[in-house]
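In: I'd like to go over a predicted model; first the sequence, then the structure.
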2 protein chains.
Amino acid sequence: MAHDDLEAYPLTGRFLMGRLRHALSTEEKQVLESLVETVEALDEPTTILARGKLCDRSTMLLEGTLLRTIEQGERRFIVGVHVPGDFADLHCFALKRLDHNLVTIGPAKVGYVPHTRLEELMEQRPHLARLLWFSSLLDAAVHRQWILKLEQLPAVKRVAHFFAELWHRLDLVGLGRRDGLRTPLIQADLADMCGTTAIHMNRALGQLRKEGIAEFRRGTLYVPDRQALERFADFDPSYLYGKGDLRVRNELG
Amino acid sequence: MAHDDLEAYPLTGRFLMGRLRHALSTEEKQVLESLVETVEALDEPTTILARGKLCDRSTMLLEGTLLRTIEQGERRFIVGVHVPGDFADLHCFALKRLDHNLVTIGPAKVGYVPHTRLEELMEQRPHLARLLWFSSLLDAAVHRQWILKLEQLPAVKRVAHFFAELWHRLDLVGLGRRDGLRTPLIQADLADMCGTTAIHMNRALGQLRKEGIAEFRRGTLYVPDRQALERFADFDPSYLYGKGDLRVRNELG
DNA sequence: CGTTCCCTTGAGTAGTTTCAATACTTGTGG
DNA sequence: CCACAAGTATTGAAACTACTCAAGGGAACG
């Protein structure tokens, strides 16, 4: 079914996959697919939307990795990461301007949805609108987990937690691998999202390697024992609302 | 205008005040007010909604303070704080279960909105629904700022930033004071939301006091120079999406 | 074959935690 | 009114975690 969707809906087929995608009717999936007006392939790192800029369209990430960044003086911080299937800036639909930047790294493909289409949808398809809302609440749940992680864990466990999260999120949209993952993120990026310096991040990764929990080398993460990684990082995937005790069981309308 | 609203809509009059409340029609304000089915006054700390529990209603905070907490082993962490006028768990409407707890501290008053009413609203009042969505995106923006704060700032500046934020948010809903604020939060709570130990938080508060930036004593925050506080904490209120020019209101909180 | 970007290592300093102990505040009952 | 308990706030010293500055090594790409 997952794979049927990817063939039938090459652009939006991963939206909410592993979560509430099953609550979408065939008609709704078609409407969703038709929302994407233009598709853009970006090979170089690109700022899709800069902080404070007015915008009239929202972005769905189709392939690659997208970051939410905030510049602060010399340094850049990362406050969010997206995987394919994520509707990255629904925020922008309601807020009109963002408090942060949206930036691609590595090769990526994005689809743009004009806000006029979303307005129609709000009026005419409340059930689908509700699922878009739902997807933006999932983002908030991830944000909360990042807050918790930053409050609670030392640097080593923060990266470990991030690796575990990213892996799970890739799994949910059908992009998971057996023994790890590949990502365009570099050590400095990991530092920027874990609130450490790049140098300290390097030492943290060294420790993960030495303890046999995870090996991260130039964009390739290799994990010999997934459970060991998740145990080490105090990782509990339920906040992703995929599988686990928070999973949404009802069919929403 | 603000005050008319508080009289005309005693329950929901602070909802989106200072933000997009002006975009609500009179009729919509009435509908909103009518959503609140029951009101509850809570004097003791109470868990309104526990992690993982199914729920069929959402909560608007009418008076007092509400926390989002996550228990982790022995310790409790705070991943969010709410002020009157906040629709605290719209999440719950879409997600059905929360990944965290909702807890009141100090005397508080809450209003409950049955999800059946929200479902009607999604169908029949898309514009109002969009503003509810907007309000949940504001929460996410605050989350991101917390992430940034935790990534970027040392403990002293984290509390300072939180004080600045709380003060602004109280201002927005007409509960601001001239020279500071009162809150039921204790030092241990501040520690739980800044990712430090209570002891270190105590020293941080001592430093703020010594440097003349802020004085926090048993729930009372006194700030001699607001700009100095905000400068110290690298605080920029734009992420709260309020009006550019915030005016301090003097009436009681 | 040399840039350029990315990663690694070392030593000294600053920020934070832990453990342990001491006060202050508020409310209660004698 | 005082004694007491519970919760909250404060202080000191040692251990740990993370940061800064400084320098060196490795891979990829023209």
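Out: Yep, that arrived.
In: contacts only, for the closest residue in space to A:Thr46 that isn't next to it in sequence.
Out: Distance criterion Cβ to Cβ, 6 or more residues apart in numbering or on different chains; nearest residue to A:Thr46, sequence neighbours excluded, is A:Thr104 at 5.0 Å. (Glycine included, C-beta is placed from N, CA and C.) Taking Cβ atoms under 8 Å, 6 or more residues apart in numbering or on different chains, we find A:Thr104 in contact with A:Leu42, A:Pro45, A:Thr46, A:Ile48, A:Gly64, A:Thr65, A:Leu66, A:Leu67, A:Val110.
In: neighbour count and secondary structure for those - can I get that in TSV?
Out: Output for the contacts of A:Thr104, formatted as TSV (neighbours: other Cβ atoms under 10 Å in any protein chain shown; DSSP: H, G, I helix; E, B strand; the rest coil):
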residue	neighbour count	secondary structure
A:Leu42	17	strand
A:Pro45	13	coil
A:Thr46	14	strand
A:Ile48	20	strand
A:Gly64	20	strand
A:Thr65	20	strand
A:Leu66	25	strand
A:Leu67	25	strand
A:Val110	24	strand
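In: what is the nearest of those residues to chain B?
Out: A:Leu67 (12.3 Å; Cβ to the nearest Cβ).
In: pairing partners for the closest residue to that closest one other than its chain neighbours in the sheet, please.
Out: Computed as Cβ to Cβ, 6+ apart, the closest residue to A:Leu67 that is not its neighbour in sequence is A:Val103, at 4.9 Å. With DSSP bridges applied, A:Val103 shows beta-bridge pairing to A:Thr47, A:Leu67.
In: residues touching A:Val103, list them.
Out: Per Cβ under 8 Å, 6+ apart, neighbours of A:Val103: A:Pro45, A:Thr46, A:Thr47, A:Ile48, A:Leu66, A:Leu67, A:Arg68, A:Thr69.
In: now swap in A:Lys29 and tell me
Out: A:Lys29 neighbours (Cβ under 8 Å, 6+ apart): A:Asp5, A:Ala8, A:Tyr9, A:Thr12.
In: backbone torsions only: list them for the residue nearest the centre of chain A.
Out: Centroid check for chain A by Cα atoms, centre = their mean gives A:His82 as the closest residue, at 2.4 Å. When read as degrees, to the nearest 10, the backbone of A:His82 gives phi -130, psi 150.
In: wait, it touches A:Ala88, no?
Out: Yes. A:His82 is in contact with A:Ala88 according to Cβ atoms under 8 Å; the separation is 5.1 Å.
In: what touches both of these two?
Out: Common neighbours of A:His82 and A:Ala88 (Cβ under 8 Å, 6+ apart) are A:Leu61, A:Leu66, A:Arg68.
In: hmm, which of the contacts of A:Lys29 are the buried ones?
Out: A:Asp5, A:Tyr9, A:Thr12 (16 or more other Cβ atoms under 10 Å in any protein chain shown).
In: you'd agree A:Asp139 is up against A:Gly80?
Out: Yes. In this structure, A:Asp139 is within contact of A:Gly80 by Cβ under 8 Å, at 7.1 Å.
In: could you report the neighbour count for A:Met193?
Out: If you count neighbours by other Cβ atoms under 10 Å in any protein chain shown, A:Met193 ends up with 25.
In: assumed it was part of a helix.
Out: Yes. The assignment for A:Met193 by DSSP: H, G, I helix; E, B strand; the rest coil puts it in a helix.
In: what's it in contact with, if anything?
Out: A:Phe77, A:Ile78, A:Val79, A:Val81, A:Trp146, A:Phe162, B:Glu151.
In: per-residue pLDDT, it?
Out: The score at A:Met193 is 97. That number is its pLDDT.
In: phi, psi for A:Met201 please.
Out: Residue torsions, per degrees, to the nearest 10, at A:Met201 are phi -60, psi -40.
In: now swap in A:Leu49 and tell me
Out: phi -150, psi 130.
In: do the same with A:Glu71
Out: phi -80, psi 140.
In: who's it bridged to?
Out: With DSSP bridges as the rule, A:Glu71 is bridged to A:Arg76.
In: right, and it touches A:Val79 too?
Out: No. Using Cβ under 8 Å, A:Glu71 is not in contact with A:Val79, being 11.4 Å away.
In: between the two, which has more neighbouring residues?
Out: Ranked by neighbour count (other Cβ under 10 Å), A:Glu71 and A:Val79 place A:Val79 first, with 22 against 12.
In: would you mind measuring from that one to A:Arg182?
Out: Separation of A:Val79 from A:Arg182 (Cβ to Cβ, to the nearest Å): 23 Å.
In: then A:Val156?
Out: 22 Å.
In: who has more neighbours, the two?
Out: The residue with more neighbours, out of A:Val156 and A:Arg182, is A:Val156; 22 against 13, by other Cβ under 10 Å.
In: hmm, back to that, export the buried ones among the contacts of A:Lys29 to JSON lines and tack on distance to A:Trp133 and pLDDT?
Out: Output for those, formatted as JSON lines (distance: Cβ to Cβ, whole Å; pLDDT from 0 to 100):
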{"residue": "A:Asp5", "distance to A:Trp133": "21", "pLDDT": "89"}
{"residue": "A:Tyr9", "distance to A:Trp133": "20", "pLDDT": "96"}
{"residue": "A:Thr12", "distance to A:Trp133": "16", "pLDDT": "96"}
